[in-house]
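*Asks:* What follows is a protein structure lacking sequence information:
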DNA sequence: CTGAAAGCGCTAACAG
DNA sequence: CTGTTAGCGCTTTCAG
């Protein structure tokens, strides 16, 4: 066609400097005229790259909220180079990790909610596939890890309640053993300690992140010998459950009891009263993780472990007022 | 190792009938012992298949709700064979369709919300890539098309209001030009016509699917010369906006005015009062579309156009009562 | 039933 | 700067 070798064409298409600029332009013009599209399978084979980036969630069943999923995908997508495929999957459904190898994924992002993911994380590390773990802090410092600064977020939320004049502040805890749940509870405790507010054992109640558990937790709080004037719920779902318990008992929010949630899960602004909460920037977490990954996969920078905390944002809505008495 | 040729091994791994069962077992055992994983790039190159299934949304920005996205992905995932990658993208962000070719995708599923998708649909058809269009009915009968039977769903919802004794039933319409919006309005009209209930022009108001538009639409209905006793909103978001307008005016739902929504969008059960609505089985739509696609991509059945309607399910909650007068 | 040989479309190494 | 050659790891003829 242009009387040039295969090789030169390949070089031109890959914008190699080893080819005469004029020839290059000629080839590029011809290529776009012919609507040439490279065969990625062939490219993959010889370059030993798949152009696939895995985005894996712990599960896509009950424990992953649509909002969590959606925000993450959007964030990650915004950080991944257009030439790559984003392959979404849930860890639960992998029968055998051996199918996750470096030839099938150039890099992997795990949106981790569960300690069980560690088995896969370990497998990926062993394969030396560039890996980013989002959302859950992992102890291994050699891993690239982007998480939400939930402890500070909880601290800020509880401090806000204190500023409003509350002194009897209860907490509904999150799922036992979940990293974020511990962090949020820590933030709660430190806020109270720093302001020298006494903590009553009966104001610390168990929850498991479900609405149902929030309902039960709130009922328990209402039957305490001293009823709290404000409640910090470790997530929005439980706060919504708590709202239901209060409505059952004809207790007005925020006039009689104030509530603060956590996550800003997309529902919190629609419940009545709309929920004051702590927004986690899942999109930013996803995006930053993706950019870090691209920097090693695409730009060839060396992979190195790092732990990045993304600050939360406190969102004032209508579920908090000063204490009634 | 086993003193067998490359070829025989390949055949055994692909479960070919051209190999002695005993030899086959031997090879398979050895392979799993060695944790052998085929190189999909090489396989792809020679077989001219990518093992990628594209799942494309019209957009991942504002007009796609997290619930819509999540349910669809889950449904599709459940129908796609484990060996395939599910590659998620949004049509908006494709700069050039030429990168969507049969070598990069063995099949494509479009979750279509917008007529603009037709350009891509046309492109894919021309490339002869097996295609399934979900959610939006396309006129081309040669396409595999799975959609929700919204018209019947709307008919059922409005009939329910009539059964409850309502005679002044208003409608808040969906985004002009959107297929589903037309269908829902048609269902509304036919229910009224079939039961010989008169339709008042001032009871048919515009909306664009946003909460905001529902709010304004409801305000308009409240200032009508005859205020309706029930409202059929063409989606849940607008119904939630309508709820807000009613709460502003201290009008109780369902005691004074009843409301029915559409979609069952995940929020509707959390608002107060919880919203009676029409559930669309997005997961089933996704799953069926995926199964149909696999049947041609994986099982080699011939592609043929078909239009499948998935029935909706009416969900009774707390936003409907009989008319107050 | 098994093996030898060719080739998928591309990039990389080596010569010019 | 350009071309020649080899080869990525697999499947698929075509012969035995």
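*Replies:* Perfect, I can see it now. Here the structure is a predicted model, which is why all the values come from computation and not from measurement.
*Asks:* Let me see the ranges of the helices in the stretch 51-200 of chain A.
*Replies:* Per DSSP state H, counting those that start in this stretch, the stretch 51-200 of chain A carries helices over the ranges A:66-79, A:118-127, A:150-163, A:179-194.
*Asks:* Using JSON lines, lay out the ones you listed together with mean neighbour count.
*Replies:* All C-beta atoms are positioned from the backbone trio N, CA, C, and that covers glycine. Output for the helices of the stretch 51-200 of chain A, formatted as JSON lines (neighbours: other C-beta atoms under 10 Å in any protein chain shown):
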{"stretch": "helix A:66-79", "mean neighbour count": "22"}
{"stretch": "helix A:118-127", "mean neighbour count": "16"}
{"stretch": "helix A:150-163", "mean neighbour count": "21"}
{"stretch": "helix A:179-194", "mean neighbour count": "20"}
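*Asks:* May I see those helices arranged in TSV, with mean pLDDT as well?
*Replies:* Shown next, in TSV, are those (pLDDT from 0 to 100):
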stretch	mean pLDDT
helix A:66-79	95
helix A:118-127	95
helix A:150-163	98
helix A:179-194	95
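*Asks:* Distance to DNA strand D added to the ones you listed, as TSV?
*Replies:* Compiled in TSV, these are given as follows (distance: least, C-beta to the nearest atom of the strand, whole Å):
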stretch	distance to DNA strand D
helix A:66-79	29
helix A:118-127	15
helix A:150-163	44
helix A:179-194	38
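*Asks:* among these, which is nearest residue B:87?
*Replies:* Comparing the helices of the stretch 51-200 of chain A against residue B:87 with C-beta to C-beta, the closest turns out to be helix A:66-79 (11.3 Å).
*Asks:* rewinding a little: can you tell me which of the helices of the stretch 51-200 of chain A is nearest to residue A:304?
*Replies:* helix A:118-127 (13.1 Å).
*Asks:* Name the surrounding residues that touch the closest one.
*Replies:* Contact partners of helix A:118-127, identified using C-beta atoms under 8 Å, 6 or more residues apart in numbering or on different chains, comprise A:56, A:91, A:94, A:97, A:100-102, A:108, A:110, A:112, A:131, A:133, A:138, A:140, A:142-143.
*Asks:* that older thread, any idea which of the helices of the stretch 51-200 of chain A gets closest to residue B:247?
*Replies:* Closest among the helices of the stretch 51-200 of chain A, using C-beta to C-beta: helix A:66-79, at 24.0 Å.
*Asks:* Find the pair from the contacts of helix A:118-127 with maximum spatial separation.
*Replies:* Between any two of these (C-beta to C-beta), the greatest distance is 22.8 Å, for A:94 and A:142.
*Asks:* returning to that earlier point: can you tell me which of the contacts of helix A:118-127 are buried?
*Replies:* A:56, A:91, A:94, A:100-102, A:108, A:110, A:112, A:131, A:133, A:138, A:143 (16 or more other C-beta atoms under 10 Å in any protein chain shown).
*Asks:* Now do the nearest residue to residue A:199 once chain neighbours are set aside against residue A:162, distance only.
*Replies:* In this structure, residue A:199 finds its nearest non-sequential neighbour in residue A:192, 5.4 Å apart by C-beta to C-beta, 6 or more residues apart in numbering or on different chains. Distance, residue A:192 to residue A:162, using C-beta to C-beta, to the nearest Å: 8 Å.
*Asks:* Which residues are in contact with each of the two?
*Replies:* residue A:169.
*Asks:* DNA strand C contacts on the stretch 1-150 of chain A?
*Replies:* Within the stretch 1-150 of chain A, the residues that sit near DNA strand C (C-beta under 7 Å from any atom of the strand) are A:6, A:7, A:10, A:13, A:14, A:38, A:39, A:42, A:43, A:45, A:46, A:47.
*Asks:* Switch the residues you listed over to JSON lines; also include secondary structure, neighbour count and pLDDT.
*Replies:* What follows is these, written out as JSON lines (DSSP: H, G, I helix; E, B strand; the rest coil; neighbours: other C-beta atoms under 10 Å in any protein chain shown; pLDDT from 0 to 100):
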{"residue": "A:6", "secondary structure": "helix", "neighbour count": "7", "pLDDT": "75"}
{"residue": "A:7", "secondary structure": "helix", "neighbour count": "11", "pLDDT": "78"}
{"residue": "A:10", "secondary structure": "helix", "neighbour count": "14", "pLDDT": "78"}
{"residue": "A:13", "secondary structure": "helix", "neighbour count": "15", "pLDDT": "80"}
{"residue": "A:14", "secondary structure": "coil", "neighbour count": "11", "pLDDT": "77"}
{"residue": "A:38", "secondary structure": "coil", "neighbour count": "15", "pLDDT": "87"}
{"residue": "A:39", "secondary structure": "coil", "neighbour count": "15", "pLDDT": "90"}
{"residue": "A:42", "secondary structure": "helix", "neighbour count": "15", "pLDDT": "92"}
{"residue": "A:43", "secondary structure": "helix", "neighbour count": "16", "pLDDT": "90"}
{"residue": "A:45", "secondary structure": "helix", "neighbour count": "20", "pLDDT": "91"}
{"residue": "A:46", "secondary structure": "helix", "neighbour count": "10", "pLDDT": "90"}
{"residue": "A:47", "secondary structure": "helix", "neighbour count": "12", "pLDDT": "90"}
